[in-house]
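Undergrad: What follows is a predicted protein model with its sequence.
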Amino acid sequence: MSAVPSHSPDAESAVMSVPFSALLQTPSRRSATYERELKDLEEKLLEDLSNCRAIEGIIRDSFTSIKRKYRRADQDTLRMSVPQIDDELAESLRVLAELESRLPVIHTQVAQAQLIYDSGRRKAEELVHDLRWLNRDWHARWYEVIFRSRSPVSWQWRVTLRGLFASIFVMASWMAWIALSAVLRAHQQRLVWGERLPS
């Protein structure tokens, strides 16, 4: 995310007047909301998983009950209990199928909530980075843009400032060269300095 530094005093005073903690409240509120949603989804998933385990326990108990009934009861008792067991098994299988169909949906919802939470956290980090950049002095920002490649500004702004710095540096060097050559020439020709400096 690139942020071009603003030179208007109103924008800088507006950024400076808002407390840093107030700017972070909105992303932290969103983050807390996403965390609550994640916890609710995880609790729902854990509840469904515990229901699956309970149904699995019921099915095991049913099979154990069938084995005991085979040992204890005769053929007539077995004929009477088979439909009931079939009904219980059918009901257990129906509940298991329903839970199995709901688990992928819950898993997808948890994954989506995680993506939203990660996106919000990244946006909050970018916002904090931009605010820290804008709270720096202008000369520190210019130094960062001209001499470092990781400044959070667009490449056009970076090229413009580096070109401006290079042209000013070349002009200053040229002027220094002219001044030094004039001093050297005056020294070689033994020109008088001070009040009797030739015009």
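TA: Perfect, thanks for sending it. Residues are numbered from 1 along each chain as shown.

Undergrad: Extract the residue ranges of the chain that are flagged as low pLDDT.
TA: Scanning the chain for pLDDT under 70 picks out the ranges 1-24, 70, 72-79, 191-199.

Undergrad: where do the helices sit along it?
TA: Under the criterion DSSP state H, the chain contains helices at 9-17, 20-72, 75-134, 138-147, 155-188.

Undergrad: from the middle of its chain, how far away would the longest one be?
TA: Translated: helix 75-134. Taking CA atoms, centre = their mean, to the nearest Å, one finds helix 75-134 lying 25 Å from the centre of the chain it belongs to.

Undergrad: so what does that helix touch, helix or strand wise?
TA: helix 9-17, helix 20-72 (3 or more CB pairs under 8 Å, 6 or more residues apart in numbering; DSSP states H and E). In this view, the C-beta of every residue, glycine as well, is placed from N, C-alpha and C.

Undergrad: Go through these and pick out the most buried.
TA: helix 20-72 (a mean of 13; mean count of other CB atoms under 10 Å).

Undergrad: mind checking how far the residue positioned nearest the centre of the chain is from residue 179?
TA: With distances taken as CA atoms, centre = their mean, residue 122 lies nearest the centre of the chain, 1.6 Å away. Using CB to CB, to the nearest Å, we find residue 122 at a distance of 53 Å from residue 179.

Undergrad: Compute the number of surrounding residues for the residue lying closest to residue 144 once chain neighbours are set aside.
TA: Nearest residue to residue 144, sequence neighbours excluded (CB to CB, 6 or more residues apart in numbering): residue 151, at 4.5 Å. As a burial measure, residue 151 scores 20 neighbours (other CB atoms under 10 Å).

Undergrad: ok, residue 151 - contacts?
TA: Counting by CB atoms under 8 Å, 6 or more residues apart in numbering, residue 151 touches 133, 141, 144, 145, 158.

Undergrad: Restricted to buried residues, select those in ChimeraX.
TA: Command for ChimeraX that selects the buried part of the contacts of residue 151, burial taken from 16 or more other CB atoms under 10 Å:
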select :133,141,144,145,158
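
Undergrad: Quick one: the contacts of residue 151 as CSV, columns for distance to residue 87 too.
TA: Putting those into CSV (distance: CB to CB, whole Å) gives the following:
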residue, distance to residue 87
133, 69
141, 76
144, 75
145, 76
158, 75
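
Undergrad: now the helices and strands packed on helix 75-134 as JSON lines including distance to residue 101?
TA: Supplementary listing: the helices and strands packed on helix 75-134 in JSON lines, determined by distance: least, CB to CB, whole Å:
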{"stretch": "helix 9-17", "distance to residue 101": "51"}
{"stretch": "helix 20-72", "distance to residue 101": "11"}
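
Undergrad: Select, out of those helices, the one closest to residue 171.
TA: Taking CB to CB, helix 9-17 is the member of these nearest to residue 171, at 28.5 Å.

Undergrad: All set, thanks.
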